[in-house]
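got a sequence here, can you build the structure:
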Amino acid sequence: MKHILVPTLTIAALALAGLTLTSATPPASAAAVSAPAASGSYTVDPVHSTVIFSTTHMNTSRSYGRFNAISGTFAVDMAKPEASKVEIQIDVNSIDTANKDRDAHLLGPDFFDAKQFPVATFQSTSVKKSGEKTWSVTGTLALHCVKKEVTIPLEMTGTGKGREGEALIGFHGTFSIQRADYGIQYGKGMLGDKVDLIVSVEAAAK
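Purely as a prediction, here's the structure:
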C-alpha cells in the first residue's frame, strides 16, 4: 500500500553560552564584542540551514518533513534594504520524512515528480524592511514546474563570526502555500491542501 503523507517540518534548537568574568579580567569594550556589520554578500550554509514543511493527514494529525540539501545566496544592504536579494535552491530529492516508502511516493509523479522537476527555487523580486529585525521578502517560488509569487516574512535572527572569522547572518521565516496551486492534488480530501513551511537559514560572507 502506498504511503501518501505529505510531511511537515521540524524546528531547530538554540544554544546558549555563558561567560564568567573575574575582577582580574575586565569586560571587553563594546566595540570589541559587537557583531560584524550585516551588509554584504553571503552564501547559504547547508549544514546549518533547514526547510521544514507540514500538512494535515485525514483531518486528524499533522505530518512533517524536511529537505536536507539547500543552497543559495543573500545580498544584504542595511542602508538600502530594497537593494537586497535572496536566491534559494532546494534539491527535491533530499526530501526526508523519516519513512523511505513515503519519501519514494512523494518523489514520484503523484507529488513532486522529482525526475522531471528535481529543483525548487525561490528568487526575490522585492525586499522591504518591516521592523528593526524583520523583513518582508516577495519573490517567485518555482515548484513542480509552476511559478507563483509568495511573500515570506523573515526575522534576522542574528549576526556573528565563523571559525575563520567570516561574517555570519541568520534568518528565520514561516509562510504557507496551497499545493494545488502547484499542480499537486493527489490525496485530495485525505491530505491538507495548505502546506506550512519553516525556513531557517544561516549564511556566511563570500
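
need phi/psi at L106.
Here the main-chain torsion angles of L106 (degrees, to the nearest 10) amount to phi -60, psi -30.

hang on, it packs against N99?
No: with contact defined as C-beta atoms under 8 Å, L106 does not count as touching N99 (9.6 Å). (Glycine included, C-beta is placed from N, CA and C.)

tell me which of these two has more neighbours.
L106 (25 against 15; other C-beta atoms under 10 Å).

any idea how far T134 is from the more buried one?
L106 is 32 Å from T134, where distance means C-beta to C-beta, to the nearest Å.

and what of V51?
Applying C-beta to C-beta, the value for V51 to T134 is 20 Å.

for S39, same thing?
Taken as C-beta to C-beta, the span from S39 to T134 is 17 Å.

same thing with A203?
On the measure of C-beta to C-beta, A203 and T134 end up 17 Å apart.

those two: which is more packed in?
More crowded of A203 and T134, by other C-beta under 10 Å: A203, with 23 against 14.

can you give me the strands in the chain?
40-44, 50-57, 61-67, 70-76, 85-91, 95-96, 119-129, 134-143, 146-161, 167-178, 194-205 (DSSP state E).

can you put the ones you listed in a markdown table and add distance to G187 and mean pLDDT?
Shown next, in a markdown table, are the strands of the chain (distance: least, C-beta to C-beta, whole Å; pLDDT from 0 to 100):
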| stretch | distance to G187 | mean pLDDT |
| --- | --- | --- |
| strand 40-44 | 31 | 97 |
| strand 50-57 | 9 | 97 |
| strand 61-67 | 11 | 97 |
| strand 70-76 | 26 | 97 |
| strand 85-91 | 22 | 98 |
| strand 95-96 | 16 | 98 |
| strand 119-129 | 19 | 97 |
| strand 134-143 | 17 | 98 |
| strand 146-161 | 18 | 97 |
| strand 167-178 | 14 | 97 |
| strand 194-205 | 12 | 97 |
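
looking at the ones you listed, which is closest to D110?
strand 95-96 (13.3 Å; C-beta to C-beta).

elements contacting the closest one?
Under the contact criterion of 3 or more C-beta pairs under 8 Å, 6 or more residues apart in numbering; DSSP states H and E, strand 95-96 touches strand 61-67, helix 100-107.

A75 is nearest to which of the ones you listed?
Per C-beta to C-beta, nearest to A75 of these: strand 61-67, 22.8 Å.

check which helices and strands the closest one sits against.
By 3+ C-beta pairs under 8 Å, 6+ apart, strand 61-67 packs against strand 50-57, strand 95-96.
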